[in-house]
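Novice: give me a 3D structure for the following:
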Amino acid sequence: MLFKKIKPSTAILLSSIILVILLFYFLSGKILRKAGEFLIVDDVPVYSDAVVVLNTGVEYFPRLIEAAALYQKGLVDRVVINGNRKTDSLRDLESKGFEPCCNFCEDRLRVLSLFEVPRSRVICISAEDVYDTVSEAVFVGNKLVQKGYRRIIVATSKTHTRRASHIWKKHFKDRLEITAVSAKSDPFDPGSWWTSGRQVRWVMAEYGAWIYLWWKSIEGNPSLSSEIRP
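Specialist: Numbers count the residues shown, from 1 in each chain. Reported below is the predicted structural model:
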């Protein structure tokens with residue numbers, strides 16, 4: 001009796017909703033896997049002037065390890081690291097006499113040395129006002145162009161590779177030949193990321209950053225000069 005009272009249009013709507021739910025249930029694994037895989041770009045590395053270890057984002061140390069591996073393979077002459085971001089709070093503390101215990105790149109140099117990268121082959125760039133992927137690309141990339149570099153490898157976390165590659169290639173289209181590689185020891189798993197809370201946050205943050213990047217571009221800001229702060 002209940003189903004006899006349902007209007008045909010309502011029945012069609014309910015059937016459609018049930019069908020969508022069932023399709024999503026059976027296909028969700030494939031959809032979510034594709035969503036994770038889309039974020040990853042892994043170019044075939046070619047001999048380059050340097051590998052740039054991106055500082056913004058998550059899972060930093062796997063990036064250092066990847067850069068060291070590229071150096072060991074003889075694919076780069078130099079490893080470039082950057083950091084030393086200064087927030088307003090930190091600058092205020094420094095004005096009160098705070099001094100860091102060591103140079104910002106010291107720990108990174110020690111990690112690289114574990115993988116037989118000599119300190120003399122590492123370039124440390126202090127980037128105090130870098131706060132996101134765009135500002136990092138602009139600041140660090142221009143430093144490398146000034147040094148006469150023409151070809152670089154960008155090493156970053158798996159979920160960060162596609163966006164980083166897009167930003168660097170867009171900004172340095174005619175000045176640098178750029179290859180993007182992912183950190184192989186990065187724990188991100190595109191086949192099961194939705195089962196890990198922190199990996200879910202990484203994916204959501206990346207897609208949010210892509211949306212913001214697109215929004216800024218249609219706002220008439222093709223230079224991509226600002227982005228969501230982490």
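Novice: which residue is nearest the centroid of the chain?
Specialist: The structure's the chain has its C-alpha centroid closest to residue 160; by C-alpha atoms, centre = their mean the separation is 2.4 Å.
Novice: against residue 96, how distant is that one?
Specialist: Noted for residue 160: a distance of 35 Å to residue 96, by C-beta to C-beta, to the nearest Å. Every residue, glycine included, has its C-beta placed from N, CA and C.
Novice: about what we covered before: find the nearest non-adjacent residue to the residue nearest to the centre of the chain, please.
Specialist: Distances taken as C-beta to C-beta, 6 or more residues apart in numbering put residue 57 closest to residue 160, at 4.7 Å, once the chain neighbours are dropped.
Novice: how many neighbours does residue 171 have?
Specialist: Residues lying near residue 171 (other C-beta atoms under 10 Å) number 18.
Novice: any idea how far it is from residue 139?
Specialist: Where residue 139 is concerned, residue 171 sits at a distance of 11 Å (C-beta to C-beta).
Novice: cool, residue 210 as well?
Specialist: 21 Å.
Novice: ok, then the element right after the strand or helix carrying residue 81?
Specialist: Element membership of residue 81 [criterion: DSSP states H and E] is strand 76-83. Using DSSP H and E, the next helix or strand after strand 76-83 towards the C-terminus is helix 88-95.
Novice: show residues contacting that next one.
Specialist: 86, 98 (C-beta atoms under 8 Å, 6 or more residues apart in numbering).
Novice: what about 10 Å?
Specialist: With contact meaning C-beta atoms under 10 Å, 6 or more residues apart in numbering, helix 88-95 is reached by 84, 86, 87, 98, 99, 100, 128.
Novice: Three-state assignment for residue 44, please.
Specialist: coil (DSSP: H, G, I helix; E, B strand; the rest coil).
Novice: on that earlier part again, tell me the buried residues within the contacts of helix 88-95.
Specialist: residue 84 (16 or more other C-beta atoms under 10 Å).
Novice: could you identify the most distant pair in the contacts of helix 88-95?
Specialist: Within those, 87 and 99 form the most distant pair, 16.2 Å apart (C-beta to C-beta).
Novice: next, the buried residues of stretch 178-194.
Specialist: Neighbour-count burial for stretch 178-194 [16+ other C-beta under 10 Å]: 178, 179, 180, 181, 182, 183, 186, 188, 190, 193, 194.
Novice: now render the residues you listed as CSV, adding secondary structure.
Specialist: Output for the buried residues of stretch 178-194, formatted as CSV (three-state DSSP):
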residue, secondary structure
178, strand
179, strand
180, strand
181, strand
182, strand
183, coil
186, coil
188, coil
190, coil
193, helix
194, helix
